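[1] structure of the sequence below:
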Amino acid sequence: MNHDKNVTTTVGHLIDGKIVADTERTQPVFNPATGQSTTSVALASKATVEAAIASAEAAFPAWRNTPPLKRARVMSKLKVLLEENADKIAAMITAEHGKVLADAHGELQRGIENVEYASYAPELLKGEHSRNVGPSIDSWSEFQALGVTAGITPFNFPAMVPLWMWPMAVACGNTFVLKPSERDPSSTLFIAQLALEAGLPPGVLNVVNGDKLAVDTLLQDPRVKAVSFVGSTPIAEYIYSEGCKHGKRVQALGGAKNHAVLMPDADVDNAVSALMGAAYGSCGERCMAIPLLVAVGDAVGDAVVAGLKTEIAKMKVGPGTDNSNDMGPLVTKPHFEKVKGYVDQGVAEGATLVVDGRGVKVAGHEEGYFLGACLFDNVKPGMKIYQEEIFGPVLGVVRVKTLQEAMQLINDHEYGNGTCIFTRDGEAARYFTD
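    Alright, predicted model coming up:
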């Protein structure tokens with residue numbers, strides 16, 4: 001990996017409303033389209049994370065007692081600021097993640113929708129009251145803020161996933177410590193600064209960049225009452241067990257392997273169009289991607305493979321800053337090598353590689369982490385490319401004879417996040433959903 005000698009900036013942390021950076025440990029941040037490091041990120045020490053937790057703890061009493069309407073107004077102002085700064089945020093995402101600008105804008109829009117939902121907190125926080133549930137007894141319920149909460153978020157959606165978490169948490173009266181991915185930290189930190197501009201008091205939201213040391217500090221500190229996580233399954237299992245061991249509420253979302261089923265009566269052209277986005281959008285680096293297509297019958301299997309091959313040939317791969325490109329690079333060199341290794345493994349295991357994206361070269365970006373769309377046919381359930389989450393632009397076609405076989409494959413798989421069916425048959429659709 002090449003390092004840009006002109007890089008002098010370091011992405012720090014946001015603690016108690018101020019940007020701070022402990023520079024004892026840093027890590028380069030790369031532009032995936034060039035392979036050049038464009039900045040570095042400070043990796044928080046245990047003391048830095050504890051300072052963020054202390055700031056959140058100190059801010060909690062006043063924030064908890066702030067009327068929900070006033071908290072909601074901050075969310076409303078933040079929504080406006082996010083919309084006004086959308087181009088800047090999307091450019092930050094593309095520069096560090098690599099996804100094309102259209103995808104960066106798309107993820108930010110989903111995040112903005114979460115902020116908008118959080119602005120409805122006064123309505124969402126209403127309790128319930130029941131009169132005379134027993135002799136001289138009334139009953140009521142109300143929502144209580146927990147205190148200091150935390151979020152640990154992945155590289156693939158540096159804007160959207162944090163915005164899933166902290167806006168709702170703080171709108172409900174909690175304070176929050178966010179540990180984003182160290183691979184693409186800039187947009188996350190910038191959005192947190194916008195929250196301050198929107199009126200969020202210092203300490204209500206703190207951001208610490210870091211690695212496992214930061215994660216373990218959040219999981220083990222008794223002042224943190226709840227943790228939310230999105231990432232790989234092994235890490236999700238660790239977060240869940242370690243967090244629960246220390247008495248925290250834990251939400252841990254792990255890996256996925258989503259299936260689409262293609263029935264013989266389906267509109268193949270429509271299916272191909274949908275699959276191009278589902279399999280290759282954001283370079284396949286999303287937990288709701290479709291990496292597996294189960295074709296029911298060889299005739300429809302042949303048709304969809306031919307259609308996908310034709311459409312893949314039209315795809316343009318290149319830097320995400322070029323709006324004419326359909327797909328950008330993978331996020332890091334190690335991830336590029338990992339995904340490429342899965343393609344190598346699929347070939348070795350006997351799957352038919354219909355489209356090979358391993359040889360893609362982008363002029364002027366020879367050091368970038370570009371992998372073209374890959375399409376496998378005749379994938380079998382025992383293969384590694386079927387069993388494991390690849391998290392890249394790789395689509396595998398599995399062939400079966402009946403819908404029942406297709407559903408058995410889906411139900412037997414270790415991973416599941418979402419699934420869909422292409423059919424014109426209402427009975428098949430009902431059977432599938434039941």
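[2] doesn't residue 70 make contact with residue 198?
    No: counting by Cβ atoms under 8 Å, residue 198 does not reach residue 70; the two are 11.9 Å apart. Using the backbone N, CA and C atoms, a C-beta is placed for each residue, glycine as well.
[3] which one of the two has more residues nearby?
    In this view residue 198 and residue 70 are compared by other Cβ atoms under 10 Å, and residue 198 has more residues nearby, 18 against 11.
[4] buried residues, stretch 245-260. List them.
    For stretch 245-260, burial by neighbour count (16 or more other Cβ atoms under 10 Å) applies to 248, 250, 252, 253, 254, 255, 256, 257, 258, 259, 260.
[5] can you check stretch 36-50 too?
    Within stretch 36-50, the residues that count as buried by 16+ other Cβ under 10 Å are 36-45, 48-50.
[6] check contacts around the closest residue in space to residue 19 that isn't next to it in sequence.
    Closest residue to residue 19 apart from its sequence neighbours, by Cβ to Cβ, 6 or more residues apart in numbering: residue 12 at 5.2 Å. Going by Cβ atoms under 8 Å, 6 or more residues apart in numbering, residue 12 touches 19, 20, 21, 22, 42, 189, 209.
[7] could I get those residues as a markdown table with secondary structure, pLDDT and distance to residue 319?
    Below are the contacts of residue 12 laid out as a markdown table (DSSP: H, G, I helix; E, B strand; the rest coil; pLDDT from 0 to 100; distance: Cβ to Cβ, whole Å):
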| residue | secondary structure | pLDDT | distance to residue 319 |
| --- | --- | --- | --- |
| 19 | strand | 97 | 29 |
| 20 | strand | 96 | 32 |
| 21 | coil | 86 | 28 |
| 22 | coil | 83 | 33 |
| 42 | strand | 97 | 27 |
| 189 | helix | 98 | 23 |
| 209 | coil | 98 | 25 |
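[8] report the two of those separated the most.
    Maximum pairwise distance among the contacts of residue 12 (Cβ to Cβ): 14.6 Å, between 22 and 189.
[9] returning to what we had before: between the contacts of residue 12, which is nearest residue 164?
    Closest approach to residue 164 among the contacts of residue 12 (Cβ to Cβ): residue 189, at 17.0 Å.
[10] and the closest one, how far from residue 81?
    14 Å (Cβ to Cβ, to the nearest Å).
[11] those two - which one has more neighbours?
    residue 189 (20 against 16).
[12] was I right about that one contacting residue 206?
    No: Residue 189 lies out of contact with residue 206 (Cβ under 8 Å); the separation is 10.9 Å.
[13] okay, and the common contacts of the two?
    Joint contacts of residue 189 and residue 206 (Cβ under 8 Å, 6+ apart) are 13, 14.
[14] what about the closest residue to residue 355 other than its chain neighbours, how many neighbours?
    Nearest residue to residue 355 in three dimensions, chain neighbours excluded: residue 375, at 4.0 Å (Cβ to Cβ, 6+ apart). Neighbours of residue 375 under the rule other Cβ under 10 Å: 24.
[15] looks to me like residue 375 is in a strand.
    Yes: under DSSP: H, G, I helix; E, B strand; the rest coil, residue 375 sits within a strand.
[16] ok, so what distance separates it from residue 40?
    Relative to residue 40, residue 375 is positioned 37 Å away (Cβ to Cβ).
[17] quick one on the thing from earlier: among the buried residues of stretch 36-50, name the ones in strands.
    Judged by DSSP state E, strands contain the following of those: 36, 37, 38, 39, 40, 41, 42.
[18] beta-bridge partners for residue 26, please?
    residue 42 (DSSP bridges).
[19] how's this protein carved up into domains?
    According to automatic domain parsing, the chain comprises the domains 2-127+142-253, 259-433.
[20] so for residue 135, which of those sits nearest?
    domain 2-127+142-253 (22.6 Å).
[21] kindly list the main-chain dihedrals of the residue nearest to residue 110 when sequence neighbours are not counted?
    Counting by Cβ to Cβ, 6+ apart, residue 160 is the residue found nearest to residue 110 once chain neighbours are left out, at 4.9 Å. Torsion angles at residue 160 (phi, psi; degrees, to the nearest 10) stand at phi -70, psi -50.
[22] likewise the one 4 residues further on?
    Per-residue torsions, residue 164: phi -70, psi -30 (degrees, to the nearest 10).
[23] circling back: quick one: pLDDT of the residue nearest to residue 19?
    pLDDT for residue 12: 97.
[24] now it: how far from residue 425?
    The value you get for residue 12 to residue 425, if Cβ to Cβ is used, is 56 Å.
[25] can you give me the buried ones in the strand or helix carrying residue 337?
    In the assignment (DSSP states H and E), residue 337 maps to helix 333-349. Judged by neighbour count (16+ other Cβ under 10 Å), helix 333-349 contains these buried residues: 333, 335, 336, 339, 340, 342, 343, 346, 347.
[26] got those as a markdown table, with distance to residue 320 columns?
    Below are those laid out as a markdown table (distance: Cβ to Cβ, whole Å):
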| residue | distance to residue 320 |
| --- | --- |
| 333 | 17 |
| 335 | 15 |
| 336 | 15 |
| 339 | 17 |
| 340 | 19 |
| 342 | 22 |
| 343 | 22 |
| 346 | 26 |
| 347 | 28 |
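[27] can you name the residues that contact residue 283?
    Per Cβ under 8 Å, 6+ apart, neighbours of residue 283: 98, 99, 327, 328, 329, 330, 371, 392, 393.
[28] report the two of these separated the most.
    99 and 371 (13.5 Å).
[29] need the strands for the stretch 301-434 of the chain, in chain order.
    For the stretch 301-434 of the chain, the strands defined by DSSP state E, counting those that start in this stretch cover 352-355, 374-377, 394-400, 419-422.
[30] which one of the ones you listed is the most hemmed in?
    Mean neighbour count, computed with mean count of other Cβ atoms under 10 Å, is highest for strand 374-377 among the strands of the stretch 301-434 of the chain, reaching a mean of 26.
[31] partners of that one, with directions?
    strand 352-355 (antiparallel), strand 394-400 (parallel).
[32] of all the ones you listed, which one is nearest residue 57?
    Closest to residue 57 of the strands paired with strand 374-377, according to Cβ to Cβ: strand 394-400, at 44.7 Å.
[33] that closest one to helix 333-349, inter-axis angle?
    Angle, strand 394-400 to helix 333-349, by axes from the mean of the first three to the mean of the last three Cα atoms, to 10 degrees: 30 degrees.
[34] any low-confidence regions in the stretch 1-150 of the chain?
    Along the stretch 1-150 of the chain, segments meeting pLDDT under 70 span 1-8.
[35] could you redo the last one with a cut-off of 80?
    Across the stretch 1-150 of the chain, the ranges flagged by pLDDT under 80 are 1-8, 23.
[36] okay then, goodbye and thanks.
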